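Trainee: With the sequence up front, the predicted model follows.
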Amino acid sequence: SQTIHQWPATLVQPVGSPLSLECTVEGTSNPNLYWYRQAAGRGLQLLFYSVGIGQISSEVPQNLSASRPQDRQFILSSKKLLLSDSGFYLCAWSVVQANSPLHFGNGTRLTVT
Amino acid sequence: GDSVTQMEGPVTLSEEAFLTINCTYTATGYPSLFWYVQYPGEGLQLLLKATKADDKGSNKGFEATYRKETTSFHLEKGSVQVSDSAVYFCALSDQGMRFGAGTRLTVKP
């Protein structure tokens, strides 16, 4: 069966520090991969999605970036965090077939202080 | 572009009450529609889905019918339990997955 791992579960970082969140998927090949952010009391904002190694599409311009160095690995990064980057970050995967449901990781709670 | 609008919460119900969470959508194509549930401190889980007009998705006592004429996909459950307390998200998938803002449900014993 397929599983998705996301870490760390919680993270507290000072303003201006770098960020690296990692997500890996097991049990499937060539998945579509996604990063979402959920701010407190708000819905989900799609940040990045990837349909293959090295292929990243950005939905919202900001100081975050994403990379996909391997088929089932998706990394969210920042060189310098802002206070507004605080939130709940969710990684998800889906099969390539159109309109397939997403399968989410357990999320990372990021607090920028 | 495609979008989803769902009723604002929070919603507070007593155990065994009837639940309806409204969801309407705007789409240029023929999207699939989904309801996801998020329990405290966790990621989202797929609750149910419908892929075409008049389809009914159901799971764990929850139901939603894809209504093309009213562009709606309302979530219903006949008798809620305390364990149903969570945030519920309506979503559509056409060119990517778009989520509503979420509705927090609290069920009191």
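Mentor: Yes, it's here.

Trainee: Please report how far A:Glu22 lies from A:Asn106.
Mentor: Separation of A:Glu22 from A:Asn106 (CB to CB, to the nearest Å) stands at 13 Å. Glycine gets a C-beta too; all of them are placed from N, C-alpha and C.

Trainee: intersection of neighbour lists for these two?
Mentor: Counting by CB atoms under 8 Å, 6 or more residues apart in numbering or on different chains, the shared contacts of A:Glu22 and A:Asn106 are A:Gln6.

Trainee: show me where chain B has strands.
Mentor: Secondary structure of chain B, counting by DSSP state E: strands at B:3-6, B:11-14, B:19-21, B:23-26, B:32-38, B:44-50, B:56-59, B:62-65, B:75-77, B:86-93, B:97-99, B:103-108.

Trainee: quick check, the second one touching chain A?
Mentor: No - using CB under 8 Å from any CB of the partner chain, we find that strand B:11-14 stays clear of chain A, coming within 14.5 Å at best.

Trainee: mind listing what the residue nearest in space to the middle of chain A touches?
Mentor: Chain A has A:Trp35 as the residue nearest its centroid, 3.0 Å off, counting by CA atoms, centre = their mean. Counting by CB under 8 Å, 6+ apart, A:Trp35 makes contact with A:Cys23, A:Leu46, A:Leu47, A:Phe48, A:Tyr49, A:Ala66, A:Phe74, A:Leu76, A:Tyr89, A:Leu90, A:Cys91.

Trainee: Kindly recompute the last result at 10 Å.
Mentor: By CB atoms under 10 Å, 6 or more residues apart in numbering or on different chains, the contact list for A:Trp35 reads A:6, A:21, A:23, A:45-50, A:56, A:58-59, A:64, A:66, A:74-76, A:89-92.

Trainee: and what of A:Val112?
Mentor: Neighbour list for A:Val112: A:11-17, A:19, A:78, A:81-87 [criterion: CB under 10 Å, 6+ apart].

Trainee: what about 6 Å?
Mentor: A:Gln13, A:Val15, A:Leu81, A:Leu83, A:Asp85, A:Ser86 (CB atoms under 6 Å, 6 or more residues apart in numbering or on different chains).

Trainee: Write out the residues of chain A neighbouring chain B.
Mentor: Contacts of chain A with chain B, taken as CB under 6 Å from any CB of the partner chain, map to A:Gly43, A:Leu44, A:Leu90, A:Asn99, A:Pro101, A:Leu102, A:Phe104, A:Gly105, A:Asn106, A:Gly107.

Trainee: ok, the first one - how many residues close by?
Mentor: Other residues within reach of A:Gly43, judged by other CB atoms under 10 Å in any protein chain shown, total 18.
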